[in-house]
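>>> The following block contains a protein sequence and its predicted model.
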Amino acid sequence: MTARRLTRAEMNHLRRLIGWVRCEVGAEPEEVVTAAKEALDHFQCVTEDGKQRLLEHYQKSVAVPNYIRAALKALEKVCLEEPAEVVDGKLVAHRRHEAPQRLAVARNEEEIGNGKLD
């Protein structure tokens, strides 16, 4: 199999995949514990339901295999090495914000979905 460069559209699809997987995978278990401790210290009246959600979030984070996290980091290293800029897609579409010359990531799904920024 011969290696080839990915097109800009393919790279954008991979970047979106990385974002979606990041949301699904979530933070590292240690980060979840740290955030939970800070939240519990800050909010004195955490309900049992809230504590249960924190526990479920931690358990979900622990269940993600290390090889998945390592693969995601490797994919990010390849796909996200180009500097990117976040812009409001609606403002760019209505010409109220200048579209950057480098890669842009839209903030609203409408602009992402119709390919205006691909």
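It's in.

>>> In the helix ranked longest in the chain, which residues are buried?
The residue-count maximum for a helix in the chain (DSSP state H) belongs to helix 8-25. Using 16 or more other CB atoms under 10 Å as the test for burial, helix 8-25 gives 11-12, 14-15, 18, 21, 25. C-beta coordinates here come from the backbone N, C-alpha and C atoms, glycine included.

>>> now swap in stretch 55-66 and tell me
57-58, 61, 64.

>>> before we move on, the earlier item: can you redo the buried residues of helix 8-25 as a markdown table with distance to residue 70?
Formatted as a markdown table, the buried residues of helix 8-25 follow (distance: CB to CB, whole Å):
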| residue | distance to residue 70 |
| --- | --- |
| 11 | 21 |
| 12 | 23 |
| 14 | 17 |
| 15 | 19 |
| 18 | 14 |
| 21 | 13 |
| 25 | 11 |
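
>>> CSV for these, including pLDDT?
Formatted as CSV, these follow (pLDDT from 0 to 100):
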residue, pLDDT
11, 86
12, 87
14, 90
15, 89
18, 90
21, 90
25, 86
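
>>> Strands of this structure, start to end?
Assigned by DSSP state E, the strands in the chain fall at 85-87, 104-106.

>>> residues touching residue 61, list them.
By CB atoms under 8 Å, 6 or more residues apart in numbering, residue 61 lies in contact with 25-29, 32.

>>> What segments of this protein are helices?
Assigned by DSSP H, the chain shows helices spanning 8-25, 29-42, 48-63, 66-79, 89-93, 109-113.

>>> Spatially nearest residue to residue 28, not counting backbone neighbours?
Closest residue to residue 28 apart from its sequence neighbours, by CB to CB, 6 or more residues apart in numbering: residue 61 at 6.8 Å.

>>> any idea which of the strands of the chain scores lowest on pLDDT?
Out of these, strand 104-106 stands lowest, with a mean of 47 (criterion: mean pLDDT).

>>> Residues touching stretch 28-37, excluding its own?
Contacts for stretch 28-37 (CB under 8 Å, 6+ apart): 26-27, 54, 57-58, 61-62, 69.
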